[in-house]
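Chemist: sequence-free structure coming up:
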């Protein structure tokens, strides 16, 4: 039990290289759909200074504001503290072998970087479907 008898949340880590698009979108959707007791994190092995503005726009279109989220460095601590690690499909073992330890999934999602808004919307919708599937699996366990 955590402080004041509250059970600590289990964390899901969404990881990619820049932490500017896919993993930020996944964090936003997981925050919306997360079962009680679960929390999202996202990080990148080489984070950019800011989130992809088209990712922010695409998420605003579905009523989720990710504009306050910031790209973060993928650290051993984030990896260790996460119940499940989800690669968005861009991290190979040479770049970040620690992500591949323990409870891990690779979603193989295309990078929205330098893509038109129509493609970013497609990617957003794929990520939403994957997050909903993940939440359903978490709730059934």
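Modeler: In hand now; what should we look at? Just so it is clear, the model here is predicted, and its values are computed rather than measured.

Chemist: which intervals of this protein have sub-threshold pLDDT?
Modeler: Flagging of the chain using pLDDT under 70 yields the residue ranges 1-7, 90-101.

Chemist: Do a quick rundown of the strands in it.
Modeler: For the chain, applying DSSP state E gives strands covering 10-16, 38-44, 84-87, 104-106.

Chemist: and of those, who's closest to residue 59?
Modeler: Closest to residue 59 of the strands of the chain, according to C-beta to C-beta: strand 38-44, at 12.7 Å. No exception for glycine: its C-beta is placed from N, CA and C like everyone else's.

Chemist: between that closest one and strand 10-16, how many degrees?
Modeler: Counting by axes from the mean of the first three to the mean of the last three C-alpha atoms, to 10 degrees, strand 38-44 lies at 20 degrees to strand 10-16.

Chemist: For the nearest residue to residue 126 once chain neighbours are set aside, grab phi and psi.
Modeler: Excluding the flanking residues, the one nearest residue 126 by C-beta to C-beta, 6 or more residues apart in numbering is residue 109, at 6.0 Å. The phi and psi values for residue 109, taken as degrees, to the nearest 10, are phi -90, psi 140.

Chemist: Residue numbering should commence at 637 henceforth.
Modeler: Understood, numbering begins at 637; the last thing we discussed is residue 745.
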